[in-house]
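Novice: model this:
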Amino acid sequence: MIKNYFKIALRNLARFKIYSFINLAGLAVGMACSILIILFIQDELSYDRFNKNADRIYRVSREWFNRDGTSNLHLARVAPPIGPLLKNDFPNIVEEEARVASDWNSLLQVGDKTFIEDRFFWAENSFFKIFTFKFIEGDPNTALKDPYSVVLTESMAKKYFGDENPVGKTILYEKEDNLKVTGVIEDVPENSHFKFDFLGSFITLNDYIGVENLTTNWSNNSFVTYLLLPKNFPVSELERQIPGFLDKHLTQRSLDHNGRPPEIQPSKTTKLHLWKLTDIHLHSHLTTELEENGSISDVYIFSIVALFTLLIACINFMNLATARSEKRAREIGMRKVLGAYKKQLMIQFIGESLIICFIAMIFAIVLVEAVLPFFNNFVGKHLSLDYFGNPLVLLGLLGLTILVGLISGSYPAFLLSSLSTIKVLKGGKISTGKSIFRTVLVVSQFTISIALIICMGIVYSQMQFIRNKDLGYNKNKIVLLPSNSEMRENIESVKAQLYENPNILSVTSSRLVPSEILRNSWGGRLVGGDETTPINFRLAVQEVDYDFVKTYGLQLIAGRDFSREYGTDDSSAFILNEAAVKKLGWSPREAIGKKMIYGNRNGQVIGVLNNFNFESLHNKIVPIIFLITKTGNSKFSVKISGNDIPGTLAFLKEKWTEFRPDYPFEYTFLEDRINDLYSSDRKLGDIFGIFSLLAVIIASLGLLGLATYAAEQRTKEVGIRKALGATVSGIVILFSKDFLKLVVLSNIVAWPLAYFVMRKWMEDFAYKAGISIWIFVFSGLIAVLIALLTVSFQAVKAAVTNPVESLRYE
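Specialist: Below is the predicted model of the structure:
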């Protein structure tokens, strides 16, 4: 019987070539899209699960609040004393703790090989008791125990030492200290939220930062801290005790000069959060993350897109199968006369559907393998279909095929097996529910397609808005360059040498540059006579050099800029932005001359800057205070003219080679850095664009199949109409109007659906382009035009047929 079903399925595929092509193409493309997206989602959901203790590991984050209880900053890193104190205060809960500190742009040397590494970190010896990384050489229990020791990944071991065993050898760090290699581990898996190449022993920082700093400094929140809790321990129990922990350790540190405790409990102004390891990648998007994380929203969106694309392909199959029911009516009638039961007929038709889906799956796999390299490049991953190494892959493909086959074949099987035997053998008209179900399916297809087109249009509109929005400063032709301590100490000499090139217009330095997160705040007080009043909101600090305002083209709306002519500007002058002045209840003019204490600096306000978007447009403009520092500014900003940019960069390279002879010349343009802030948003727009196109193609194929069937059904009618004088255009309109009504109905359903989804997406932006009605109108017209062209193609073909041939049909 199964052999017979197989023969019939292949015979029908060969007999109805157009319908077979539409079904196979639609299902193959839909399945291929689903496989790609499933691979992506599976990878996103697998992050950090390779760790044996993944369900017991938590990362500590720290959040700060204004006096009114509103959050003003949330960091993924915390102060260095927090980890050890948690372990000390809760010994029965915190089994292990491990701190990790970043070491940016590390200069490493072995022999004559010199490299700059940006994945060098310092970690405590307990790190390998918490995390699961396989050691190739060395002992995980002692690898980071001693000062000046380092563990390498396998690829770094080969990079620095070739095929030699690196254990016991040394790497020169920053041309000062030798780090002894004590272990080699396998490369960190791609699905880890923390990717590193080198782990230096944390105890080494006792010499670099100081023991006191690591044990008492609660202000330096730059340490990633992990905890290992007991199995199945309710983490809420530890979280409940954290406010008391903070009050215990911070109250004594917050005493005023008279020894009085603070007015507000420390636990009301700062809070610690515990993040489950497996939640970090998709749910944590805090300031100072180790890397840019994924988004659970993207997983949901991709899942919906995959489902919709596959659903459109299934709808095509159902539509064409039910539309062609009359073609198989006599076959069904004869089978019933010969004793076939309804159940047997349903099995036959579902079996045929499964066979078609298996064939489509073969084409889908070929498509996936063809486009997977491009898809990997697009999403920045290394996805693959490991057919034999991972049995779940084959089971997943088989399950997807069966699922699609059942969805696609269930309704046609039910419909066809229910046909009346007497009616079909008499040649009567076959009822398929007055095509209501097919109408719903077509509307569903185009609703999905139109909604995806609208989403793509809104994402594109928002990206254009971001690209063209006036940020309040000049972002063009500013080159960002790293520095070293010697350059910072001799900044005026460095500037003088750079100004030798007439294409260099302005030079400044700063701790941060626009596009970065304003994470630092020192706390301040307003001075009024003999009394001081605390500033009860977060005032972010930006440490700058002279000419920062000039280099970035910032607008002063009151007062003056920092100037070398005023000898105290580098120690007692402040510039505020408009948001800070407004928060303090002043007008820009009133702010000038106001006295305040910020951090340990006592001074007065000399200028007010117009508001500008220092951070991403995802964030609102925050109150900022600018002050001069001489040695803490690690980034140089060089404003260049548009003349001979390659020559200017070559000049900068020559000078930077003199200033930093041990480091390679590395630069970025500010404009590129700003564009990188929105790379994930642009990627989302590209995703919508690609899948909108595929959805429209699949839906159009289905529409073409239905139009072809309609033309076949009305062949004699067309012949009679032409014989009575009907024009080609009249027949085209006759065929098109019913389908166009469905597309118009699809627009009515798709518009509010897309609006709701994209309104939620745009809530993530502090500055929005708005959702234009013209995007909806344009998307609707595209759908109408595509449907019109698709249907008209078959309608014109039917209309130009010789009436004599049409009247002889069947």
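
Novice: use CA for all of it now, contacts and neighbours both
Specialist: Fine.

Novice: Tell me where the longest helix sits in the chain.
Specialist: helix 342-379 (DSSP state H).

Novice: what helices or strands is that one leaning on?
Specialist: Packing partners of helix 342-379 (3 or more CA pairs under 8 Å, 6 or more residues apart in numbering; DSSP states H and E): helix 2-15, helix 17-45, helix 391-417.

Novice: how far away is the residue nearest the centre of the chain from residue 585?
Specialist: Centroid-nearest residue in the chain: residue 680, 4.3 Å away (criterion: CA atoms, centre = their mean). Taking CA to CA, to the nearest Å as the measure, residue 680 falls 38 Å from residue 585.

Novice: One more: residue 318?
Specialist: Residue 318 is 66 Å from residue 585, by CA to CA.

Novice: now residue 373
Specialist: For residue 373 relative to residue 585 (CA to CA), the value is 57 Å.

Novice: Who has more neighbours out of the two?
Specialist: The neighbour comparison of residue 373 against residue 585 (other CA atoms under 10 Å) goes to residue 373, with 14 against 11.

Novice: Okay, the more buried one and residue 580: tell me how far apart.
Specialist: 49 Å.

Novice: Surely residue 293 touches residue 285?
Specialist: Yes: Residue 293 is in contact with residue 285 according to CA atoms under 8 Å; the separation is 6.6 Å.

Novice: and residue 453, how many neighbours?
Specialist: 28.

Novice: Do a quick rundown of the helices in the stretch 451-600 of the chain.
Specialist: 485-489, 491-498, 548-551, 569-572, 578-583, 588-591 (DSSP state H, counting those that start in this stretch).

Novice: hang on, residue 31 packs against residue 312?
Specialist: No: using CA under 8 Å, residue 31 makes no contact with residue 312, being 10.7 Å away.

Novice: So for the two, which residue has more residues nearby?
Specialist: Neighbours per residue, other CA under 10 Å: of residue 31 and residue 312, the larger number sits with residue 31, 32 against 27.

Novice: so how far is residue 399 from that one?
Specialist: Taking CA to CA, one finds residue 31 at 12 Å from residue 399.

Novice: Repeat that for residue 287.
Specialist: Taken as CA to CA, the span from residue 287 to residue 399 is 41 Å.

Novice: if I pick residue 236, what's in contact with it?
Specialist: With contacts taken as CA atoms under 8 Å, 6 or more residues apart in numbering, residue 236 has no neighbouring residues.

Novice: could you say which helix or strand contains it?
Specialist: helix 235-250 (DSSP states H and E).

Novice: Following that helix in sequence, what is the next regular element?
Specialist: helix 266-269.

Novice: how about that next one: buried residues?
Specialist: With burial defined by 16 or more other CA atoms under 10 Å, the residues of helix 266-269 counted as buried are 266-269.

Novice: do stretch 723-737 as well
Specialist: 728, 731-733, 735-736.

Novice: TSV please, covering the residues you listed and showing distance to residue 793, pLDDT and secondary structure.
Specialist: Output for those, formatted as TSV (distance: CA to CA, whole Å; pLDDT from 0 to 100; DSSP: H, G, I helix; E, B strand; the rest coil):
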residue	distance to residue 793	pLDDT	secondary structure
728	12	70	helix
731	12	73	helix
732	9	74	helix
733	12	77	helix
735	10	72	helix
736	10	77	helix
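
Novice: got any ranges where the stretch 651-800 of the chain has weak pLDDT?
Specialist: Residues of the stretch 651-800 of the chain that meet the criterion pLDDT under 70 lie in 705-706, 708-715, 718, 722, 794-795, 797-800.

Novice: how far does stretch 519-534 sit from the chain's center?
Specialist: 39 Å (CA atoms, centre = their mean, to the nearest Å).

Novice: Now that stretch: buried residues?
Specialist: Residues of stretch 519-534 classed as buried: 519-521, 523-527 (neighbour count, 16+ other CA under 10 Å).

Novice: Give me the subset of those that lies in strands.
Specialist: 524-527 (DSSP state E).

Novice: which one of the residues you listed is nearest residue 347?
Specialist: Nearest to residue 347 out of those is residue 524 (CA to CA; 77.3 Å).

Novice: OK, contacts around that closest one?
Specialist: Residue 524 neighbours (CA under 8 Å, 6+ apart): 534-535, 539, 596-599.

Novice: Now do it against residue 535, distance only.
Specialist: 6 Å.

Novice: same question, residue 191
Specialist: Residue 191 sits 43 Å away from residue 535, going by CA to CA.

Novice: First residue to last residue on stretch 164-178, what's the distance there?
Specialist: End residues of stretch 164-178 are separated by 18 Å (CA to CA).

Novice: Next, format the contacts of residue 524 as JSON lines and append distance to residue 102 and pLDDT.
Specialist: Below are the contacts of residue 524 laid out as JSON lines (distance: CA to CA, whole Å; pLDDT from 0 to 100):
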{"residue": "534", "distance to residue 102": "33", "pLDDT": "86"}
{"residue": "535", "distance to residue 102": "32", "pLDDT": "88"}
{"residue": "539", "distance to residue 102": "26", "pLDDT": "92"}
{"residue": "596", "distance to residue 102": "34", "pLDDT": "94"}
{"residue": "597", "distance to residue 102": "31", "pLDDT": "93"}
{"residue": "598", "distance to residue 102": "28", "pLDDT": "93"}
{"residue": "599", "distance to residue 102": "25", "pLDDT": "88"}
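
Novice: Among these, name the buried ones.
Specialist: For the contacts of residue 524, buried by 16+ other CA under 10 Å: 535, 539, 596-598.

Novice: Just the element for residue 133, please.
Specialist: Residue 133 belongs to no helix or strand, assigned by DSSP H and E.

Novice: The nearest residue to it once chain neighbours are set aside: neighbouring residues, count only.
Specialist: Counting by CA to CA, 6 or more residues apart in numbering, residue 185 is the residue found nearest to residue 133 once chain neighbours are left out, at 6.5 Å. Per other CA under 10 Å, the neighbour tally for residue 185 reads 21.

Novice: wait, doesn't residue 185 sit right on residue 139?
Specialist: No: Residue 185 lies out of contact with residue 139 (CA under 8 Å); the separation is 10.2 Å.

Novice: how about residue 275, secondary structure?
Specialist: Secondary structure assignment for residue 275 (DSSP: H, G, I helix; E, B strand; the rest coil): strand.

Novice: Tell me where the model's unsure across the stretch 151-300 of the chain.
Specialist: Applying pLDDT under 70 to the stretch 151-300 of the chain flags residues 252-263.

Novice: At which residues are the strands of it located?
Specialist: Counting by DSSP state E, counting those that start in this stretch, the stretch 151-300 of the chain has strands at residues 170-173, 177-185, 198-201, 223-228, 270-276.

Novice: For my notes, please list those in JSON lines and give distance to residue 463 for each entry.
Specialist: Output for these, formatted as JSON lines (distance: least, CA to CA, whole Å):
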{"stretch": "strand 170-173", "distance to residue 463": "42"}
{"stretch": "strand 177-185", "distance to residue 463": "42"}
{"stretch": "strand 198-201", "distance to residue 463": "37"}
{"stretch": "strand 223-228", "distance to residue 463": "33"}
{"stretch": "strand 270-276", "distance to residue 463": "32"}
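
Novice: Any idea which of those gets closest to residue 721?
Specialist: Comparing the strands of the stretch 151-300 of the chain under CA to CA, the one sitting nearest is strand 270-276, at 71.4 Å.

Novice: Okay, now the unreliable bits of the stretch 501-650 of the chain?
Specialist: For the stretch 501-650 of the chain, no range has pLDDT under 70.
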